[in-house]
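1. Dropping a prediction and its sequence here:
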Amino acid sequence: MHKSDRLLRASAVCALVAALWFTVNLIHPVGPRVLLWVPTAVSAAFLVAGFVRTVRTPSLLPATRRFWRHLTAAAVVIGIGVSSQAFDVLAEEAPHGPQTGPVMLVGAGLGVLIIMYALFRLPLGRQSPGELLRVVLDAGTLMLAAAVFLWHFSTRSALHNGDDTGIFLSLLVTIIALLAVFAVAKFVLSSHSHVDNEALRLLAVAMFVGAVAPMFRPWFEAVDPHLFPDMVSTPFIYYLALLAAARQRTAPGGKRRGVVPAQQRSFSVLPYAAVAAVDGLLLSVTWSDGADEMVVVGSAVLLTALVVLRQLTAFRDNSRLLARLDHSATHDGLTQLPNRVLFHSRLEKALATPGDRPVAVALIDLDDFKEVNDTLGHEVGDQLLVGVAKRLEACVRAEDTVARLGGDEFVVVLDDADPAAADLAAERMMNALRQPVYADGHELPIRASIGIADGRSGDKPSVLLRHADIAMYAAKNLHGTACLHFDPSMSVSGSDLGTELRDAIANDQLFLLYQPIVSLDDGHIMGAEALVRWAHPVRGTLAPDAFIPVAERTGLIVPLGHWVMRTSFAQLAEWNAVHGDAAPQVLNVNISARDLREPGFAEHVAALLTEFAIAPERVVLEITETMALEPGPSVVNLLRLRKMGVRVSLDDFGTGHSTLTLLHDCPIDEIKLDRSFTQSQVDDRPPVSAAVIHLAQALGLHAVAEGVETADQAEQLLSLGYIAAQGYHFARPMPPARLSELLAAKQSLMPSTAETVATA
Ligand code: C2E
Ligand code: CA
Ligand code: CA
């Protein structure tokens, strides 16, 4: 830290001395000419030292270090070019023109090529072809603007002078400068996460100065042929680059932290600035009646056209994205049925229709779905769900809504249906479900339980749904496919599992597994998600799906949530004590909508954080339910938690529990891309995962991809710009002792990297 401060200061002094000495010589030549080049040589050495230090910073991601290694090579090559130019100039009795020799040309050209290569190798977060087109259009706009300036100030005069090599050299320099502008522009305009934004901005300015400075040569040449703008600009450029390298070392984004903030695209104004600059030039040329009026006018028109074209593609892309997100926000991705959100609004509408009309809600739950999923695999399970969805849809009238609430739960809104009509509909559904579904060569018998709540206009949707739920659970206790209407006597009897769960929480039958959240870049453990299990004395280890719904219905979710938080916080404190910096940087804990509605929930979290001496930033609370965002205690709790510094994550993002409006209105920090999107096959359309990372970056949210099962998925996510992921490909949920071992071994969880490291 101190050393690099000294380097920076020395380089700044060099640049200042260069400027002063140059000014003095501009007024009156003093001292030997070689002195004018000394600052350039000295600051080149500082630059290389600074770059090497950044390359060697262990806390930076490998891709970031590779980028700076390439830049170091570019700096060396350009340095050689500049030195050769200096020697040429010093040897010459009366230098004239830009004095660009072949070594300088090759050096600068090669340097620019290396920089372009470095930028090219960085993982870019790129989305649609439209996105890419826009980046190219923007970069093209900047390049064209730079070309107009170079033409106006330098190339034109070389052409007029009629000196052949002069023209040739000037054109070459122009092309190199343009390539540089294009490369930097293209990069800064794309979304990226591996190089610090501020550092990049400094590098862009440095390259811009490098491209523009030589144009001032004719002015200085007129005063003294031995004066070159490079004498001042080069130490200044080196200083900027050094500053960028130092900035990268201390940048929070590049460090191995739990959360890397998404970078905003702050350079989008560049194309407009380019247009404005050329318009300014146009005015000044018109004013002075310059000879190249036509060239400048033509370019200004072309530039405007480019910017308009870019805007048009942006509009088109945005409206497409919005339409897709809108559909996926209201529909279930698997069955294409309306989801919970659309179901709620349809039910509300039916209940709000004027006149006293009956409205029935039928809740359908498959009885052995989990077994199918576990024994025959998710794919077969998915096909079963799609088959059931189709049959249910065929049983209802056009004005009824069949929706999927999630998992194997479906719901039907029967508008204007009295109990008898609802019974008829239920009968049709049970008949339809009696035929087995054929999936992947398997014949799958379906057993379903249907609960019906009979309501009237003016009833509350949530009450109706709860009644249907209670009736459905009562139906589950009957043998085979069955249907029951809600009856108030049902609500008092708690289910057996509920009573057992109460004891389980008290008697320590619950335990937690932890699934690592890893960096896609190198597989190091960034954090861990706590996942609850129940060691049931008779039924063996139960997954949360088997008891969380019961806990939610019975209210036991609140003490269960408290237990999970206390236990996982204690675990994090232990990891901190044992592993120090190598402990997981963040702990993700699932909380239910019900938890969040409890008044005083935020205070409870605060008390636990204090008790275990855990920094609030290290805890991420995962929420799923839309209900969590009903105005009232939930939002108050969320706001308090975030104010404390605790982070909030939207789980299962994209499955319809979360909508665009919710993202907009609800204070959150992170989204977890649902595993259905992580695992979806790549077709010719840009994947939803691309749209989601785009959205996350636009909103400044951290994104974690869930359910990564293959190296291909991991690779694709990385190339889309995802930084963090979770899934069986890296690690399954594991007992804390096992995670401790991995932490102690400081092991990368990247299966392929582990191999390449071993063989390298
Ligand atoms: P979730 O929050 O989406 O958790 C991720 C689930 O995906 C976990 O299932 C995990 O084991 C599984 N998973 C992880 N990687 C992969 C993969 O590569 N492929 C596949 N197919 N699955 C993967 P689990 O542990 O059964 O948890 C299920 C759900 O139960 C969780 O979904 C969460 O919503 C809920 N849950 C778990 N623990 C708690 C808790 O302590 N409190 C509350 N309220 N809910 C919990
Ligand atoms: Ca979760
Ligand atoms: Ca999830």
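-> Received, thanks. Residues are numbered from 1 along each chain as shown. Ligands and ions are numbered 1, 2, ... in the order given.

2. give the contact list for Gly727.
-> Listed by CB atoms under 8 Å, 6 or more residues apart in numbering, the contact partners of Gly727 are Arg675, Thr678, Ala705, Glu706, Gly707, Val708, Glu709, Gln713. Just so you know, the C-beta spots here come from the backbone N, C-alpha and C atoms, and that holds for glycine as well.

3. Pretty sure it sits in a strand.
-> No - counting by DSSP: H, G, I helix; E, B strand; the rest coil, Gly727 falls outside a strand, being coil.

4. Among the contacts of Gly727, which one is most surrounded by other residues?
-> Ala705 (31 neighbours; other CB atoms under 10 Å).

5. Surely it and Ala724 touch.
-> Yes - using CB atoms under 8 Å, Ala705 is in contact with Ala724, at 7.4 Å.

6. among the contacts of Gly727, which are in strands?
-> Among the contacts of Gly727, the ones falling in strands (DSSP state E) are Ala705.

7. and ligand 1, which of the contacts of Gly727 contact it?
-> Counting by CB under 6 Å from any ligand atom, Arg675, Gly707, Val708, Glu709 from the contacts of Gly727 sit close to ligand 1.

8. mind checking pLDDT for the second one?
-> As summarised for this prediction, Gly707 has a pLDDT of 95.

9. For ligand 3, see how far away Val42 is.
-> 56 Å (CB to the ion, to the nearest Å).

10. and that residue, what is it in contact with?
-> Cys14, Pro235.

11. Export the helix or strand hosting it to PDB, keeping only CA atoms.
-> Following DSSP states H and E, one finds Val42 within helix 34-55. Taking C-alpha atoms only, helix 34-55 is exported to PDB below (Å, rounded to 0.1, in the frame of the first residue of the first chain):
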ATOM      1  CA  VAL A  34      18.000  14.500 -24.200                       C
ATOM      2  CA  LEU A  35      16.600  15.900 -20.900                       C
ATOM      3  CA  LEU A  36      13.300  16.400 -22.600                       C
ATOM      4  CA  TRP A  37      12.900  12.600 -22.900                       C
ATOM      5  CA  VAL A  38      14.100  11.600 -19.500                       C
ATOM      6  CA  PRO A  39      10.700  11.800 -17.700                       C
ATOM      7  CA  THR A  40       9.300   9.500 -20.400                       C
ATOM      8  CA  ALA A  41      11.900   6.800 -19.700                       C
ATOM      9  CA  VAL A  42      11.700   7.100 -15.900                       C
ATOM     10  CA  SER A  43       7.900   7.000 -15.800                       C
ATOM     11  CA  ALA A  44       7.900   3.900 -18.100                       C
ATOM     12  CA  ALA A  45       9.900   2.000 -15.400                       C
ATOM     13  CA  PHE A  46       7.400   3.100 -12.700                       C
ATOM     14  CA  LEU A  47       4.500   2.000 -14.900                       C
ATOM     15  CA  VAL A  48       5.900  -1.500 -15.400                       C
ATOM     16  CA  ALA A  49       6.600  -1.900 -11.700                       C
ATOM     17  CA  GLY A  50       3.100  -0.800 -10.800                       C
ATOM     18  CA  PHE A  51       1.500  -3.200 -13.400                       C
ATOM     19  CA  VAL A  52       3.600  -6.100 -12.100                       C
ATOM     20  CA  ARG A  53       2.400  -5.400  -8.600                       C
ATOM     21  CA  THR A  54      -1.200  -5.600  -9.700                       C
ATOM     22  CA  VAL A  55      -0.500  -8.800 -11.600                       C
END
